[in-house]
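Undergrad: One predicted model, sequence on top.
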Amino acid sequence: MKKIGVVGSINMDMTVMAERIPLKGETLKGENLRYIPGGKGANQAVAMAKLGAEVEMFGCVGDDDAGQKLVANLRDVGVETGSIRTVPQVPTGLAIITTGEKDNTIIVVAGANDCVDIAYVESVRKRILGCELILLQNEIPQETIAYLISLCRTNGVKVLLNPGPARPISPELIEQLTYITPNEHEAAILFGQERSFEELMMQYPEKLVITQGSRGVSTCLKTGALLHIPARKANVVDTTGAGDTLNGAFAAAIIRGYSMEKALLYANTAASLSTEKHGAQGGMPTDKEVRQALSGDS
């Protein structure tokens, strides 16, 4: 089985519910405080492991209880964790999420995720280059991402960049990527608004994949034909982690040799299924569940 590597963030999400988002200087009563494994990198690794892919996680956690729990959680779902570094005297990454009136505020403390630097990459270089495909996101330092893209390109390793949170990236780096998967908001930041999404996808056939939430996902095939996979109808309970599920499922499908159309259909279906359960990682489907949904047996 071909291995996929994820170099990215490992966070503990601390969520609390309130009657509404507090105003500046205001104190409100909160309830239902939960600590949930998160981070875009870890989420995508879990999504692929639950779909049966061979996955190794590369990243950093702090020498605290949260770090131990997050590594154990990854290991429990089948992600290889031997290359995760525990950084002394640095806290594990944390996202503080307040929800109320169907809205939320999020504060992210990078913590040990900022230690995923070039020196760390060099320390696990051999294992990274032993992967068929590397997944990246923008929750680790930008210089690390640029270094990894060039390193993988030089050594024949495919790279998928999920550019969230959105920040600019040079055209030279985009050329070195195998796949880039922004949502519409991220695509506008990456490429500007002068050209339509259709024009952009035609410039980067089967490289640029634009996700559109409830409207599905689109790309341009190498034949020049635009491909749009509409969203599967779902009984939506919680959309948290749907984008990470889509990226993980797309990577897992590509590694299995699926065509672009089949891979995006598989990924779109997995993302849809993930919205029918609560939680990011908890709602992620298995390969069997995705296949049943695709065949109409669910």
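TA: That came in fine, so what should we check first? Numbers count the residues shown, from 1 in each chain.

Undergrad: which residue ranges form the helices in the stretch 151-298 of the chain?
TA: Assigned by DSSP state H, counting those that start in this stretch, the helices in the stretch 151-298 of the chain fall at 171-176, 184-191, 197-203, 242-255, 260-274, 287-295.

Undergrad: now the angle from the fifth one to helix 287-295?
TA: Taking axes from the mean of the first three to the mean of the last three Cα atoms, to 10 degrees, one finds helix 260-274 and helix 287-295 inclined to each other by 110 degrees.

Undergrad: Would you agree S9 is in contact with I140?
TA: Yes. Between S9 and I140 a contact is recorded at 6.1 Å, counting by Cβ atoms under 8 Å. No exception for glycine: its C-beta is placed from N, CA and C like everyone else's.

Undergrad: Mutual contacts of those two, please.
TA: Taking Cβ atoms under 8 Å, 6 or more residues apart in numbering as the contact rule, S9 and I140 both touch G41, G59, N113, V116.

Undergrad: Restricted to helices, list these.
TA: Counting by DSSP state H, the members of the shared contacts of S9 and I140 that fall within helices are G41.

Undergrad: could you dump stretch 234-251 to PDB, C-alpha only?
TA: Only the C-alpha atoms of stretch 234-251 are listed here, as PDB (Å, rounded to 0.1, in the frame of the first residue of the first chain):
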ATOM      1  CA  ALA A 234     -27.300  15.100   3.300                       C
ATOM      2  CA  ASN A 235     -29.200  15.300   6.600                       C
ATOM      3  CA  VAL A 236     -26.800  18.000   8.000                       C
ATOM      4  CA  VAL A 237     -26.100  17.900  11.700                       C
ATOM      5  CA  ASP A 238     -22.600  19.500  11.900                       C
ATOM      6  CA  THR A 239     -20.400  20.800   9.100                       C
ATOM      7  CA  THR A 240     -17.300  20.900  11.200                       C
ATOM      8  CA  GLY A 241     -14.400  19.100   9.500                       C
ATOM      9  CA  ALA A 242     -16.200  18.500   6.200                       C
ATOM     10  CA  GLY A 243     -13.500  20.300   4.300                       C
ATOM     11  CA  ASP A 244     -10.800  18.300   6.000                       C
ATOM     12  CA  THR A 245     -12.700  15.100   5.200                       C
ATOM     13  CA  LEU A 246     -13.000  16.100   1.600                       C
ATOM     14  CA  ASN A 247      -9.200  16.700   1.300                       C
ATOM     15  CA  GLY A 248      -8.300  13.500   3.100                       C
ATOM     16  CA  ALA A 249     -10.700  11.400   1.000                       C
ATOM     17  CA  PHE A 250      -9.500  13.000  -2.200                       C
ATOM     18  CA  ALA A 251      -5.900  12.200  -1.300                       C
END
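
Undergrad: which of the residues in that stretch are buried?
TA: Within stretch 234-251, the residues that qualify as buried by neighbour count (16 or more other Cβ atoms under 10 Å) are 234, 240-251.

Undergrad: before we move on, what about stretch 17-25?
TA: Quick answer for stretch 17-25 (16+ other Cβ under 10 Å): A18.

Undergrad: for the record, mean pLDDT for that stretch?
TA: Across stretch 17-25, the average pLDDT comes to 89.

Undergrad: Distance to I189 added to the buried residues of stretch 234-251, as TSV?
TA: Below are the buried residues of stretch 234-251 laid out as TSV (distance: Cβ to Cβ, whole Å):
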residue	distance to I189
A234	27
T240	22
G241	22
A242	20
G243	15
D244	19
T245	22
L246	19
N247	18
G248	23
A249	24
F250	21
A251	22
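
Undergrad: Tell me where this protein is predicted with low confidence.
TA: When residues are selected by pLDDT under 70, those of the chain lie in 102, 297-298.

Undergrad: can you give me the strands in it?
TA: In order along the chain, the chain carries the following strands (DSSP state E): 3-7, 11-18, 30-38, 54-58, 60-62, 85-87, 93-100, 103-109, 133-137, 158-162, 179-180, 210-211, 217-220, 226-229.

Undergrad: nearest to E199, of those?
TA: Nearest to E199 among the strands of the chain is strand 217-220 (9.5 Å), distances taken as Cβ to Cβ.
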